[in-house]
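Visitor: Predicted model follows, preceded by the sequence.
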Amino acid sequence: MVEKLEKILLGAEDWAFIPEIMFRTLIMYLVVLIGLRVLGKRGVKQLSIFELVVIIGLGSAAGDPMFYKEVGILSAIAVFLVVVVSYKITSHFVSKSQKFEILLEGSCTCVIEHGRFAIENFKKEALAQDEFFAELRLKGISHLGQVNLAILETNGDISVFYYKDDDVKYGLPILPALFCQKHSQIKYKDYYSCSFCGLTELLSPVNKVICSCCQKDKWVKSINIQRVT
């Protein structure tokens, strides 16, 4: 029973390896700190695609020598040096060539323009509508009529430029309780927004309306309230 418990706790190693693990972990911790410091502030705070690859590479290189006797610390440090030098070389080419930067990191994408979705651009991004609406709600947005421009940055953040309070117009509500109330039939004259593209129009009672922008037929009653900041 005791032997089985020791095997569960220690695996194939013995108790003498525990202090060695602690020492290896301390060394790799210091190496990771130095590596991230060399990468610079942007490498830690705003991860692009290739920077994320670098961080994953550093994490993999640091993990193995902490636990496995057969993996030497010097080997891991050599991996660190290659990764950091490769990052620095790549960063140099990114700073010198805009085409190389776009190829490596992509470019920012306009996803909302003048209170409605930029549909063609939105389709290019792997961004679910629910996820996108949640991001907007976290910024205090309740409908698209409050938004003049929204840009999906290369790091995944969304930059939003708002209308002034006096310029807020009717727009597609993104609050779940309102957005789920979709209609094909318009019973009362009012402002309605296409649930797919956000096109907003003053509609009169009619059995069915086809959106002139996206050819969809689901509409949500628009709102024009100001943002609460």
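Guide: Received it, and whenever you're ready, just let me know what you need. Numbering: from 1, shown residues only.
Visitor: among the helices and strands of the chain, which one scores worst on average pLDDT?
Guide: Counting by mean pLDDT, DSSP states H and E, the chain has its least confident helix or strand at helix 41-45, which shows a mean of 45.
Visitor: and the residue nearest the centre of the chain, what pLDDT?
Guide: In the chain, the C-alpha nearest the mean C-alpha coordinate belongs to Gly156, at 3.5 Å (Cα atoms, centre = their mean). Reported pLDDT at Gly156 in the predicted model: 76.
Visitor: what does Ala150 give?
Guide: In this model, Ala150 is scored at 94, pLDDT.
Visitor: and it, how many neighbours?
Guide: 23 (other Cβ atoms under 10 Å). C-betas here are computed from N, CA, C, even on glycine.
Visitor: For whichever helix or strand it is part of, name the packing helices and strands.
Guide: Per DSSP states H and E, Ala150 falls inside strand 147-152. On a contact count with 3 or more Cβ pairs under 8 Å, 6 or more residues apart in numbering; DSSP states H and E, strand 147-152 meets strand 109-113, strand 158-162.
Visitor: Next, the angle strand 109-113 makes with it.
Guide: 160 degrees (axes from the mean of the first three to the mean of the last three Cα atoms, to 10 degrees).
Visitor: Highest mean neighbour count out of the helices and strands packed on strand 147-152?
Guide: Of all the helices and strands packed on strand 147-152, strand 109-113 carries the top mean neighbour count, a mean of 19, counting by mean count of other Cβ atoms under 10 Å.
Visitor: on contacts alone, who are the packing partners of it?
Guide: Using 3+ Cβ pairs under 8 Å, 6+ apart, strand 109-113 sits against helix 119-124, strand 147-152.
Visitor: looking at these, which is closest to Lys208?
Guide: helix 119-124 (20.9 Å; Cβ to Cβ).
Visitor: low-scoring stretches of this protein, by residue?
Guide: 1-18, 20-21, 24-26, 28-29, 32-52, 64-72, 75, 102, 104-105, 126 (pLDDT under 70).
Visitor: ok, which stretches of it are strands?
Guide: 109-113, 116-117, 147-152, 158-162, 182-183, 190-194, 200-203, 219-221 (DSSP state E).
Visitor: among those strands, which is nearest Leu74?
Guide: Set against Leu74 and scored by Cβ to Cβ, the strands of the chain come closest in strand 147-152, at 42.7 Å.
Visitor: How about residues contacting that closest one?
Guide: Strand 147-152 is contacted by residues 108-115, 125, 127, 136, 141, 158-163, 171 when judged by Cβ atoms under 8 Å, 6 or more residues apart in numbering.
Visitor: Could you spell out the sheet neighbours of that strand, each with its direction?
Guide: strand 109-113 (antiparallel), strand 158-162 (antiparallel) (DSSP bridges).
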